[in-house]
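# Here is a sequence together with a model predicted from it:
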Amino acid sequence: MANLATKYAGLTLSSPIIASSSGLTDSLNHIIELEKAGVGAVVLKSIFEEEILMEMDQVKHQMTGKPYVFPETMDYLDEEPHEDLIRAYLRLISESKKVVKIPIIASINCISNQKWTYLAQEIEKAGADALELNLFNLPSTTEMPAGEIEEMYLEIVEKVVSLVKIPVTIKLSHYYTALGQMLLKYSKTKVKGIVLFNRYYSPDIDINAQEVSGSFVLSSPSDIALPLRWIALSSGNLKVDFAASTGVHDGESVVKLLLAGASAVQVATVIYKNGLNSVSALNDFVLNWMKDKNYQSISEFQGKLNYKSLNNPASWERSQFMREFRHFVK
Ligand SMILES: Cc1cc2nc3c(=O)[nH]c(=O)nc-3n(C[C@H](O)[C@H](O)[C@H](O)COP(=O)(O)O)c2cc1C
(Lines give C-alpha, C1' and ligand atoms only; values in the text may rest on other atoms or scores of the structure.)
Protein backbone atom coordinates (compact mmCIF):
# COMPACT_ATOMS: atom_id res chain seq x y z
CA MET A 1 0.00 0.00 0.00
CA ALA A 2 1.25 3.49 -0.87
CA ASN A 3 2.56 5.52 2.03
CA LEU A 4 3.93 9.02 2.54
CA ALA A 5 7.07 8.20 4.52
CA THR A 6 10.15 10.14 3.57
CA LYS A 7 13.69 10.58 4.84
CA TYR A 8 14.86 14.10 5.48
CA ALA A 9 18.15 15.11 7.08
CA GLY A 10 18.60 11.77 8.77
CA LEU A 11 15.05 11.78 10.15
CA THR A 12 12.27 9.43 9.08
CA LEU A 13 9.04 11.36 8.60
CA SER A 14 5.59 9.81 8.24
CA SER A 15 4.62 12.63 5.85
CA PRO A 16 6.69 15.07 3.77
CA ILE A 17 4.65 17.98 5.18
CA ILE A 18 6.59 19.83 7.87
CA ALA A 19 5.07 22.67 9.88
CA SER A 20 7.39 25.60 9.19
CA SER A 21 8.97 27.70 11.89
CA SER A 22 6.34 30.33 12.79
CA GLY A 23 3.77 31.27 15.40
CA LEU A 24 2.09 27.97 14.51
CA THR A 25 4.84 26.04 16.25
CA ASP A 26 5.49 28.17 19.31
CA SER A 27 3.59 26.21 21.96
CA LEU A 28 3.02 22.66 23.15
CA ASN A 29 -0.69 22.78 22.30
CA HIS A 30 0.01 23.90 18.75
CA ILE A 31 2.55 21.11 18.30
CA ILE A 32 0.11 18.48 19.58
CA GLU A 33 -2.56 19.80 17.19
CA LEU A 34 -0.14 19.78 14.28
CA GLU A 35 0.79 16.17 14.96
CA LYS A 36 -2.90 15.22 15.03
CA ALA A 37 -3.41 17.11 11.77
CA GLY A 38 -0.81 14.87 10.09
CA VAL A 39 2.46 16.80 9.77
CA GLY A 40 5.61 14.71 9.53
CA ALA A 41 7.63 17.06 11.78
CA VAL A 42 7.57 20.57 13.20
CA VAL A 43 10.19 23.27 13.12
CA LEU A 44 9.82 25.34 16.27
CA LYS A 45 9.52 29.10 16.04
CA SER A 46 13.09 30.42 15.86
CA ILE A 47 14.71 31.69 18.96
CA PHE A 48 16.30 34.99 17.96
CA GLU A 49 19.41 36.26 19.67
CA GLU A 50 18.16 39.77 18.95
CA GLU A 51 15.05 39.01 20.99
CA ILE A 52 17.15 37.62 23.84
CA LEU A 53 19.35 40.70 23.78
CA MET A 54 16.38 43.01 23.93
CA GLU A 55 15.02 41.15 26.93
CA MET A 56 18.43 41.15 28.60
CA ASP A 57 18.74 44.87 27.94
CA GLN A 58 15.52 45.41 29.79
CA VAL A 59 16.59 43.23 32.74
CA LYS A 60 19.93 44.96 32.91
CA HIS A 61 18.25 48.35 32.87
CA GLN A 62 15.94 47.32 35.71
CA MET A 63 18.78 45.87 37.81
CA THR A 64 21.46 48.49 37.30
CA GLY A 65 19.64 51.57 36.10
CA LYS A 66 22.13 51.63 33.22
CA PRO A 67 20.76 52.78 29.87
CA TYR A 68 19.56 50.35 27.23
CA VAL A 69 22.65 49.60 25.13
CA PHE A 70 22.59 46.64 22.82
CA PRO A 71 26.31 45.83 22.32
CA GLU A 72 27.08 46.08 26.06
CA THR A 73 24.32 43.63 26.71
CA MET A 74 26.23 41.07 24.66
CA ASP A 75 28.86 40.89 27.47
CA TYR A 76 26.18 40.69 30.09
CA LEU A 77 24.50 37.88 28.21
CA ASP A 78 27.72 35.87 28.32
CA GLU A 79 27.78 36.09 32.10
CA GLU A 80 24.12 35.23 32.54
CA PRO A 81 23.09 33.01 29.70
CA HIS A 82 20.21 31.22 31.43
CA GLU A 83 17.51 33.83 31.17
CA ASP A 84 13.84 33.23 30.64
CA LEU A 85 13.51 33.12 26.87
CA ILE A 86 16.13 30.43 26.46
CA ARG A 87 14.82 28.41 29.39
CA ALA A 88 11.26 28.52 28.03
CA TYR A 89 12.49 27.45 24.61
CA LEU A 90 14.42 24.49 25.97
CA ARG A 91 11.43 23.51 28.09
CA LEU A 92 9.21 23.56 25.00
CA ILE A 93 11.61 21.11 23.33
CA SER A 94 11.79 18.70 26.24
CA GLU A 95 8.04 18.80 26.92
CA SER A 96 7.21 18.29 23.25
CA LYS A 97 9.49 15.27 23.15
CA LYS A 98 7.49 13.73 25.99
CA VAL A 99 4.09 14.08 24.32
CA VAL A 100 4.48 13.82 20.55
CA LYS A 101 6.12 11.21 18.35
CA ILE A 102 6.95 13.43 15.38
CA PRO A 103 10.48 14.87 15.18
CA ILE A 104 11.00 18.24 16.80
CA ILE A 105 13.35 20.49 14.87
CA ALA A 106 14.52 23.53 16.80
CA SER A 107 15.46 26.74 15.04
CA ILE A 108 17.84 29.58 15.88
CA ASN A 109 18.86 32.91 14.40
CA CYS A 110 21.86 34.55 16.02
CA ILE A 111 24.09 37.55 15.60
CA SER A 112 27.22 36.55 17.50
CA ASN A 113 29.27 33.46 16.82
CA GLN A 114 29.26 32.25 20.41
CA LYS A 115 25.47 32.34 20.69
CA TRP A 116 24.97 30.07 17.66
CA THR A 117 27.15 27.45 19.28
CA TYR A 118 25.92 27.92 22.84
CA LEU A 119 22.26 27.60 21.83
CA ALA A 120 22.93 24.69 19.49
CA GLN A 121 24.46 22.68 22.32
CA GLU A 122 21.70 23.53 24.78
CA ILE A 123 19.07 22.57 22.21
CA GLU A 124 20.75 19.23 21.64
CA LYS A 125 20.81 18.61 25.40
CA ALA A 126 17.11 19.45 25.63
CA GLY A 127 16.38 16.56 23.27
CA ALA A 128 15.60 18.16 19.90
CA ASP A 129 15.76 15.72 17.00
CA ALA A 130 17.44 18.24 14.72
CA LEU A 131 18.42 21.87 14.54
CA GLU A 132 17.60 24.31 11.74
CA LEU A 133 19.88 27.34 11.48
CA ASN A 134 17.85 30.28 10.27
CA LEU A 135 20.81 31.80 8.50
CA PHE A 136 19.94 35.33 7.64
CA ASN A 137 20.69 38.89 8.46
CA LEU A 138 19.65 41.39 5.78
CA PRO A 139 22.80 42.06 3.69
CA SER A 140 22.00 45.76 3.36
CA THR A 141 25.41 46.97 4.54
CA THR A 142 27.54 48.63 1.89
CA GLU A 143 30.67 47.90 3.88
CA MET A 144 30.90 44.13 3.87
CA PRO A 145 31.64 42.34 0.58
CA ALA A 146 29.51 39.34 -0.41
CA GLY A 147 32.42 36.94 0.05
CA GLU A 148 32.91 38.04 3.65
CA ILE A 149 29.25 37.62 4.53
CA GLU A 150 29.16 34.20 2.91
CA GLU A 151 32.39 33.14 4.62
CA MET A 152 30.86 34.19 7.94
CA TYR A 153 27.82 31.96 7.34
CA LEU A 154 30.02 29.03 6.38
CA GLU A 155 32.11 29.46 9.51
CA ILE A 156 28.98 29.45 11.67
CA VAL A 157 27.70 26.31 10.00
CA GLU A 158 31.04 24.52 10.29
CA LYS A 159 31.34 25.45 13.96
CA VAL A 160 27.82 24.30 14.83
CA VAL A 161 28.06 20.97 12.98
CA SER A 162 31.35 20.25 14.71
CA LEU A 163 29.76 20.70 18.14
CA VAL A 164 26.48 18.79 17.99
CA LYS A 165 25.57 15.26 16.98
CA ILE A 166 21.94 15.87 16.01
CA PRO A 167 21.33 16.61 12.32
CA VAL A 168 21.80 20.26 11.44
CA THR A 169 19.88 21.87 8.59
CA ILE A 170 20.15 25.39 7.25
CA LYS A 171 17.32 27.61 6.07
CA LEU A 172 18.55 30.09 3.52
CA SER A 173 17.44 33.25 1.83
CA HIS A 174 17.97 33.75 -1.88
CA TYR A 175 20.12 36.83 -1.25
CA TYR A 176 23.34 35.29 -2.55
CA THR A 177 25.50 36.49 -5.40
CA ALA A 178 26.45 32.96 -6.50
CA LEU A 179 23.85 30.70 -4.95
CA GLY A 180 24.90 27.57 -6.85
CA GLN A 181 28.42 27.78 -5.50
CA MET A 182 27.24 28.51 -1.97
CA LEU A 183 24.92 25.51 -2.04
CA LEU A 184 27.87 23.37 -3.11
CA LYS A 185 29.99 24.75 -0.27
CA TYR A 186 27.24 24.20 2.29
CA SER A 187 26.70 20.66 1.02
CA LYS A 188 30.36 19.90 1.70
CA THR A 189 29.95 20.73 5.38
CA LYS A 190 28.26 18.18 7.62
CA VAL A 191 24.90 19.87 7.13
CA LYS A 192 22.19 17.27 6.48
CA GLY A 193 19.47 19.40 4.95
CA ILE A 194 18.97 22.71 3.19
CA VAL A 195 15.67 24.58 3.29
CA LEU A 196 15.03 26.75 0.23
CA PHE A 197 13.91 29.48 0.88
CA ASN A 198 12.96 31.45 3.96
CA ARG A 199 10.48 34.30 3.57
CA TYR A 200 10.95 37.41 5.65
CA TYR A 201 9.08 40.29 7.13
CA SER A 202 9.08 42.91 4.35
CA PRO A 203 7.84 46.42 5.02
CA ASP A 204 5.18 47.98 2.79
CA ILE A 205 4.13 51.58 2.13
CA ASP A 206 0.72 53.03 2.94
CA ILE A 207 0.16 55.52 0.11
CA ASN A 208 -2.69 57.32 1.91
CA ALA A 209 -0.84 57.95 5.14
CA GLN A 210 2.41 58.16 3.14
CA GLU A 211 4.29 56.13 5.66
CA VAL A 212 6.04 52.81 5.95
CA SER A 213 3.51 50.30 7.16
CA GLY A 214 2.66 46.66 7.84
CA SER A 215 4.15 43.84 5.91
CA PHE A 216 3.50 41.24 3.27
CA VAL A 217 3.30 38.46 5.84
CA LEU A 218 1.86 35.55 3.90
CA SER A 219 3.08 33.96 0.68
CA SER A 220 1.33 33.43 -2.67
CA PRO A 221 1.14 30.15 -4.59
CA SER A 222 3.39 31.50 -7.38
CA ASP A 223 6.18 31.86 -4.80
CA ILE A 224 7.01 28.15 -5.24
CA ALA A 225 8.76 29.03 -8.52
CA LEU A 226 11.98 29.92 -6.69
CA PRO A 227 12.31 26.83 -4.45
CA LEU A 228 11.09 24.63 -7.32
CA ARG A 229 13.85 25.76 -9.66
CA TRP A 230 16.66 25.71 -7.12
CA ILE A 231 15.73 22.33 -5.69
CA ALA A 232 15.47 20.92 -9.22
CA LEU A 233 18.87 22.38 -10.11
CA SER A 234 20.62 21.17 -6.96
CA SER A 235 18.97 18.03 -5.58
CA GLY A 236 20.55 15.55 -7.99
CA ASN A 237 24.02 17.03 -7.83
CA LEU A 238 24.59 17.79 -4.17
CA LYS A 239 24.89 15.28 -1.37
CA VAL A 240 22.40 16.88 0.98
CA ASP A 241 18.64 16.71 1.43
CA PHE A 242 16.39 19.58 0.45
CA ALA A 243 13.16 20.84 1.96
CA ALA A 244 11.09 23.45 0.15
CA SER A 245 9.67 26.50 1.85
CA THR A 246 7.55 29.39 0.56
CA GLY A 247 4.43 29.21 -1.53
CA VAL A 248 3.32 25.63 -0.88
CA HIS A 249 -0.44 26.12 -0.76
CA ASP A 250 -1.78 22.94 -2.36
CA GLY A 251 -1.10 19.26 -2.97
CA GLU A 252 -0.08 19.87 -6.55
CA SER A 253 2.81 22.04 -5.36
CA VAL A 254 3.93 19.32 -2.96
CA VAL A 255 4.03 16.77 -5.80
CA LYS A 256 5.96 19.22 -8.03
CA LEU A 257 8.55 19.83 -5.33
CA LEU A 258 8.99 16.10 -4.67
CA LEU A 259 9.43 15.50 -8.41
CA ALA A 260 12.03 18.29 -8.37
CA GLY A 261 13.90 16.39 -5.67
CA ALA A 262 12.70 17.79 -2.34
CA SER A 263 12.61 15.30 0.53
CA ALA A 264 10.01 17.36 2.37
CA VAL A 265 8.12 20.64 2.15
CA GLN A 266 7.55 23.17 4.88
CA VAL A 267 4.25 25.02 5.20
CA ALA A 268 3.04 28.00 7.18
CA THR A 269 0.78 30.28 5.10
CA VAL A 270 -1.62 27.53 4.03
CA ILE A 271 -2.24 26.62 7.69
CA TYR A 272 -2.59 30.27 8.72
CA LYS A 273 -5.14 30.75 5.93
CA ASN A 274 -7.07 27.46 5.86
CA GLY A 275 -6.46 25.94 9.27
CA LEU A 276 -5.15 22.56 10.33
CA ASN A 277 -7.39 20.67 7.88
CA SER A 278 -5.14 21.90 5.09
CA VAL A 279 -2.47 19.43 6.28
CA SER A 280 -4.67 16.39 5.65
CA ALA A 281 -5.75 17.92 2.34
CA LEU A 282 -2.09 18.07 1.28
CA ASN A 283 -1.41 14.52 2.48
CA ASP A 284 -4.54 13.16 0.77
CA PHE A 285 -3.71 14.85 -2.50
CA VAL A 286 -0.19 13.40 -2.62
CA LEU A 287 -1.39 9.93 -1.65
CA ASN A 288 -4.15 9.94 -4.28
CA TRP A 289 -1.75 11.17 -6.94
CA MET A 290 0.68 8.38 -6.00
CA LYS A 291 -2.06 5.77 -6.26
CA ASP A 292 -3.14 7.18 -9.60
CA LYS A 293 0.44 6.93 -10.92
CA ASN A 294 1.11 3.54 -9.29
CA TYR A 295 3.77 4.73 -6.87
CA GLN A 296 4.07 2.95 -3.53
CA SER A 297 6.61 5.29 -1.97
CA ILE A 298 7.92 8.83 -2.39
CA SER A 299 11.42 7.56 -3.13
CA GLU A 300 10.11 6.03 -6.40
CA PHE A 301 9.50 9.45 -7.94
CA GLN A 302 11.48 11.89 -5.80
CA GLY A 303 13.81 13.86 -8.09
CA LYS A 304 12.43 12.28 -11.27
CA LEU A 305 12.29 15.67 -12.95
CA ASN A 306 15.37 17.29 -11.47
CA TYR A 307 18.23 18.70 -13.50
CA LYS A 308 20.27 15.53 -13.27
CA SER A 309 17.49 13.14 -14.27
CA LEU A 310 16.19 15.02 -17.30
CA ASN A 311 17.42 14.62 -20.84
CA ASN A 312 16.89 18.31 -21.35
CA PRO A 313 18.10 19.94 -18.14
CA ALA A 314 18.32 23.32 -19.86
CA SER A 315 14.64 23.77 -19.02
CA TRP A 316 15.66 24.45 -15.41
CA GLU A 317 18.36 26.90 -16.47
CA ARG A 318 16.41 29.04 -18.87
CA SER A 319 15.95 32.49 -17.41
CA GLN A 320 14.83 34.87 -20.17
CA PHE A 321 11.28 35.03 -21.44
CA MET A 322 12.18 35.43 -25.16
CA ARG A 323 9.50 33.34 -26.92
CA GLU A 324 6.72 34.36 -24.48
CA PHE A 325 7.67 37.97 -24.98
CA ARG A 326 7.06 37.67 -28.75
CA HIS A 327 3.51 36.36 -28.11
CA PHE A 328 2.60 39.37 -26.01
CA VAL A 329 3.95 42.05 -28.34
CA LYS A 330 1.58 42.57 -31.27
C1 LIG B 1 4.04 34.82 11.23
C2 LIG B 1 5.27 34.14 10.71
C3 LIG B 1 6.34 33.92 11.56
C4 LIG B 1 7.51 33.31 11.08
N5 LIG B 1 8.56 33.08 11.93
C6 LIG B 1 9.67 32.44 11.45
C7 LIG B 1 10.75 32.13 12.32
O8 LIG B 1 10.74 32.41 13.53
N9 LIG B 1 11.82 31.49 11.80
C10 LIG B 1 11.90 31.14 10.46
O11 LIG B 1 12.90 30.53 10.05
N12 LIG B 1 10.88 31.42 9.63
C13 LIG B 1 9.79 32.05 10.09
N14 LIG B 1 8.76 32.32 9.24
C15 LIG B 1 8.86 31.92 7.83
C16 LIG B 1 8.16 30.59 7.61
O17 LIG B 1 8.79 29.56 8.35
C18 LIG B 1 8.17 30.19 6.13
O19 LIG B 1 9.51 29.99 5.70
C20 LIG B 1 7.53 31.25 5.26
O21 LIG B 1 6.31 31.71 5.82
C22 LIG B 1 7.26 30.71 3.86
O23 LIG B 1 6.43 29.57 3.89
P24 LIG B 1 4.86 29.66 3.51
O25 LIG B 1 4.78 30.12 2.12
O26 LIG B 1 4.34 28.28 3.72
O27 LIG B 1 4.26 30.65 4.46
C28 LIG B 1 7.58 32.93 9.71
C29 LIG B 1 6.49 33.14 8.87
C30 LIG B 1 5.34 33.74 9.34
C31 LIG B 1 4.18 33.96 8.41
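Everything's here; your move.
# Give me the phi and psi for the closest residue to residue 216 other than its chain neighbours.
Among residues not flanking residue 216 along the chain, residue 202 sits closest, at 5.3 Å (C-beta to C-beta, 6 or more residues apart in numbering). Where C-beta positions appear, they are placed from N, C-alpha and C, glycine not excepted. Main-chain torsions, residue 202, degrees, to the nearest 10: phi -130, psi 120.
# Then the one 4 residues further on?
Note on residue 206: its backbone torsions stand at phi -90, psi 110 [degrees, to the nearest 10].
# same check, this time on residue 193
Per-residue torsions, residue 193: phi -150, psi 150 (degrees, to the nearest 10).
# got the residues of the chain near the ligand?
Contact residues, the chain versus the ligand (C-beta under 6 Å from any ligand atom): 20-23, 45-46, 107, 134, 171, 198-199, 217-219, 245-248, 267-269.
# Can you pick out the ones from these that are in helices?
residue 269 (DSSP state H).
# If you count neighbours, what's buried in stretch 124-134?
Neighbour-count burial for stretch 124-134 flags 124, 126-134 (criterion: 16 or more other C-beta atoms under 10 Å).
# what does it rub up against?
Applying C-beta atoms under 8 Å, 6 or more residues apart in numbering, the external contacts of stretch 124-134 come out as 9-11, 21, 41, 43-44, 46, 90-91, 93-94, 97, 103-109, 116, 120, 123, 156-157, 160, 164-171, 192-193, 195, 198.
# And these, which of them are buried?
Buried, going by 16+ other C-beta under 10 Å: 9, 11, 21, 41, 43-44, 46, 90, 93, 103-109, 116, 120, 123, 156-157, 160, 164, 166-171, 192-193, 195, 198, out of those.
# give me every residue that touches residue 226.
Taking C-beta under 8 Å, 6+ apart, we find residue 226 in contact with 174, 196-197, 246-247.
# neighbour-wise, which of these leads?
Taking other C-beta atoms under 10 Å as the neighbour criterion, residue 196 ranks highest of the contacts of residue 226 with 27 neighbours.
# what sits against that one?
172, 174, 226-227, 230-231, 242-245.
# just the buried members of those residues?
With neighbours counted by 16+ other C-beta under 10 Å, the contacts of residue 196 contain buried members at 172, 226-227, 230-231, 242-245.
# Rebuild these as CSV, extending it with distance to residue 278.
Shown next, in CSV, are those (distance: C-beta to C-beta, whole Å):
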residue, distance to residue 278
172, 25
226, 21
227, 18
230, 24
231, 21
242, 22
243, 18
244, 16
245, 16
